[in-house]
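**Q** With the sequence up front, the predicted model follows.
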Amino acid sequence: MMLRLPKQLLNSPLRETIFELRFEPTMGAAGDILPGLLYSGLKSDYPEVVPLPLANVPRALREKAPELLYQHSHSLRGGTSSVQLGDRVLAFHVLEYPGWIIFKGKIESLLKATQDTGLIKQAERFSFKYVNVIEASTSERQLSLINLQLELVGQPPAERGFQLRVEHEEDRCTTITQIGPNAAAKLAISGKEVMGLLVDVDTIRFDPGHDFLAAPGSVLEEVHQVAKNRFFSLLSKPALERLKPVW
């Protein structure tokens, strides 16, 4: 049966959204050059350039450490969004989600600007990560907010310290879902802290194709839909009602 998706959630649980592109560069020092090349075209939206701790690590050490290959060395920041850059990675990070149409448009503009630098040979993978915290009190059973049946020794697991991580394959994508009760998040504009159930959905598309950077639109749509379907399929009926859906 096809999943019915709401047009909008009036009480959105989305606290953080990240688009990440991992790529093969045309030269080893791409992460040191990209920030300067992109800044001239992006400075109206991201006026602040911030070197991150990795920028101080000698390049010879970076290239010998596999765990550093996809780490960020610089950040372009503006308001509640930022662009993180490294030798083989680019990430667009937003705390106030503007809606899919605007978010997708910003990604496409960023990919074009990055491709125009000539520093990307090909895309290796990209992903959408949606970090949700569904508000809930510590006195209620938060795991009842998702479609989950789990027992340990014939009993539901205690929620204190509970964490669940699962991987799911669908439509050439791998989706990593993480669930955790009693999580905390701070709202970007008001600074208010919210507590509740963490539902973290990270959908990855490997090898998106040689023409992805030139024409990313349709593939972005496909992967976004997979991530969206995954999130809503997790929600129990009471959880969805709590989010005030508009149909």
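**A** Received it, and whenever you're ready, just let me know what you need.
**Q** Grab the longest strand from this structure for me.
**A** In the chain, with assignment by DSSP state E, the single longest strand is strand 120-135.
**Q** Would you mind pulling up the elements that that one packs against?
**A** Applying 3 or more Cβ pairs under 8 Å, 6 or more residues apart in numbering; DSSP states H and E, one finds that strand 120-135 contacts strand 14-25, strand 173-186, strand 193-206, helix 217-234, helix 237-242. Where you see a C-beta, it was placed from the backbone N, CA and C, and this is true even at glycine.
**Q** Out of those, the one nearest Glu151 is which?
**A** strand 173-186 (15.6 Å; Cβ to Cβ).
**Q** Just list what that closest one packs against, helices and strands only.
**A** Secondary-structure packing of strand 173-186 (3+ Cβ pairs under 8 Å, 6+ apart): strand 120-135, strand 164-170, strand 193-206, helix 217-234.
**Q** Please list all residues in contact with Gln149.
**A** Applying Cβ atoms under 8 Å, 6 or more residues apart in numbering to Gln149 gives no contacts.
**Q** Spell out the secondary structure type for it.
**A** At Gln149, secondary structure determined by DSSP: H, G, I helix; E, B strand; the rest coil is coil.
**Q** hmm, back to that, and the helices and strands packed on strand 120-135 as a markdown table, adding mean neighbour count and mean pLDDT?
**A** Shown next, in a markdown table, are the helices and strands packed on strand 120-135 (neighbours: other Cβ atoms under 10 Å; pLDDT from 0 to 100):
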| stretch | mean neighbour count | mean pLDDT |
| --- | --- | --- |
| strand 14-25 | 19 | 98 |
| strand 173-186 | 18 | 96 |
| strand 193-206 | 19 | 97 |
| helix 217-234 | 17 | 97 |
| helix 237-242 | 14 | 96 |
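**Q** Which one of the ones you listed lies nearest to Met2?
**A** Per Cβ to Cβ, nearest to Met2 of the helices and strands packed on strand 120-135: helix 217-234, 9.6 Å.
**Q** Can you name the residues in contact with the closest one?
**A** Outside of helix 217-234, the residues within contact range by Cβ under 8 Å, 6+ apart are 3, 5-6, 100, 104, 107-108, 126-128, 130, 132, 146-148, 168, 170-171, 173, 175, 177, 199, 201, 203, 205, 208-209, 212, 240.
**Q** Paired strands for the longest strand of the chain, with orientation please.
**A** When pairing is defined by DSSP bridges, strand 120-135 lines up against strand 14-25 (antiparallel), strand 193-206 (antiparallel).
**Q** To Gln163, which of those lies closest?
**A** strand 193-206 (8.8 Å).
**Q** any idea how far Val94 is from the residue nearest the centre of the chain?
**A** The centre of the chain sits closest to Lys129, judged by Cα atoms, centre = their mean, with a distance of 2.2 Å. From Lys129 across to Val94, the span is 11 Å (Cβ to Cβ, to the nearest Å).
**Q** what residues do those two have in common as contacts?
**A** Glu16, Thr17, Ile18.
**Q** Those into a markdown table, with extra columns for distance to Pro35?
**A** Shown next, in a markdown table, are the shared contacts of Lys129 and Val94 (distance: Cβ to Cβ, whole Å):
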| residue | distance to Pro35 |
| --- | --- |
| Glu16 | 22 |
| Thr17 | 22 |
| Ile18 | 18 |
